[in-house]
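Colleague: sequence unknown, structure follows:
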């Protein structure tokens, strides 16, 4: 599994937590940062998934 998939998932989870905390506390900046982290995490995860697919295709 590519490192980007792992790091992307971690960033996505962190973003979800920050967004939830921001909602609970009424902190709009934290909510926005959480959403940004989620998007970045999903993009990084997709990059890792693509790299894994290329590696698998090259092996076969």
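Modeller: It's in. Quick caveat, the model's predicted, so the values are computed rather than measured.
Colleague: got the buried residues for the longest helix along the chain?
Modeller: The single longest helix within the chain, with elements called by DSSP state H, is helix 28-59. Within helix 28-59, the residues that count as buried by 16 or more other C-beta atoms under 10 Å are 30-31, 33-34, 37-38, 40-41, 44-45, 48. Just so you know, the C-beta spots here come from the backbone N, C-alpha and C atoms, and that holds for glycine as well.
Colleague: so what pLDDT did the most centrally placed residue in the chain get?
Modeller: With distances taken as C-alpha atoms, centre = their mean, the residue of the chain nearest its centroid is residue 41 (1.7 Å). pLDDT, residue 41: 98.
Colleague: With the one 10 residues further on instead?
Modeller: Model confidence at residue 51, given as pLDDT, is 95.
Colleague: Please name the nearest non-neighbouring residue to it.
Modeller: Closest residue to residue 51 apart from its sequence neighbours, by C-beta to C-beta, 6 or more residues apart in numbering: residue 2 at 4.5 Å.
Colleague: what's the answer for residue 52, then?
Modeller: Leaving aside its chain neighbours, residue 52 sits nearest to residue 2 (5.1 Å; criterion: C-beta to C-beta, 6+ apart).
Colleague: before we move on, the earlier item: quick one: distance of the longest helix of the chain to the chain centre.
Modeller: 5 Å (C-alpha atoms, centre = their mean, to the nearest Å).
Colleague: same check, this time on stretch 27-39
Modeller: Stretch 27-39 has its C-alpha centroid displaced from the chain centroid by 12 Å (C-alpha atoms, centre = their mean).
Colleague: same thing with stretch 44-60?
Modeller: 17 Å.
Colleague: residues in contact with that stretch?
Modeller: Applying C-beta atoms under 8 Å, 6 or more residues apart in numbering, the external contacts of stretch 44-60 come out as 1-9, 11-12.
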